[in-house]
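> the sequence isn't on hand, but the structure is:
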């Protein structure tokens, strides 16, 4: 989509406003956005102010997305992933990990799978999950200064870890 202001460059910034039910969309290139950002005509905040607001809302710094970084396997770019909401392949998770991990943590609460194990899963997987659960309980007990409970949990973890060997 071309910039609605100059009509020469690709639109990088997309602004929506809803003032008393009057919805306005504006698509601008970076040059026009910086020029109009200071203009009271469009009432857009300065870039630093916008960055501060987005940082507070999203918990991350706003940055302009480019097509320069690409996945070596499928060729997907950051811009493609953001526009579609989908990664191209498994390699994209490694290539764009710096961008994806904050979103994954915010959406799922964790970056490792912690769902149910299939009923056909071996006893070793179930044993590992029990050990992970007990380690989390141990950390919580130590943080709460419940040292007697922590010692019991520690001994149980050692016992289960002995069963893995």
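Received it, and whenever you're ready, just let me know what you need. Since this is a predicted model, take the numbers as computed values, not measurements. Residues are numbered from 1 along each chain as shown.

> from here on, just use CA atoms for contacts and neighbour counts.
Noted.

> would you map the helices across the protein?
For the chain, the helices defined by DSSP state H cover 30-37, 47-58, 78-84, 90-95, 97-108, 123-143, 147-164.

> compare those helices and give me the one nearest residue 116.
For residue 116, the closest of these is helix 123-143, at 9.9 Å, according to C-alpha to C-alpha.

> ok, residues contacting the closest one?
117, 147, 149, 150, 153, 154, 157, 160, 161, 164 (C-alpha atoms under 8 Å, 6 or more residues apart in numbering).

> what's the closest of the helices of the chain to residue 24?
helix 30-37 (15.1 Å).

> low-confidence bits of the protein, can you list those?
15, 17-20, 36-67, 114-115, 117, 165 (pLDDT under 70).

> domain parsing for it?
13-58, 67-113, 123-164 (automatic domain parsing).

> now do the contacts for the residue most central in space within the chain.
The centroid of the chain falls nearest to residue 103 when counting by C-alpha atoms, centre = their mean (1.3 Å). Contacts for residue 103 (C-alpha under 8 Å, 6+ apart) come out as none.

> quick one on the thing from earlier: quick one, which of the contacts of helix 123-143 are buried?
150, 153, 154, 157 (16 or more other C-alpha atoms under 10 Å).

> nearest to residue 12, of the helices of the chain?
Closest to residue 12 of those, according to C-alpha to C-alpha: helix 30-37, at 6.0 Å.

> thinking again about what came up before, which among the contacts of helix 123-143 gets closest to residue 89?
Checking these one by one against residue 89 (C-alpha to C-alpha), the nearest turns out to be residue 117, at 23.8 Å.

> reformat the domains of the chain as JSON lines; add distance to residue 3.
Output for the domains of the chain, formatted as JSON lines (distance: least, C-alpha to C-alpha, whole Å):
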{"stretch": "domain 13-58", "distance to residue 3": "4"}
{"stretch": "domain 67-113", "distance to residue 3": "17"}
{"stretch": "domain 123-164", "distance to residue 3": "52"}
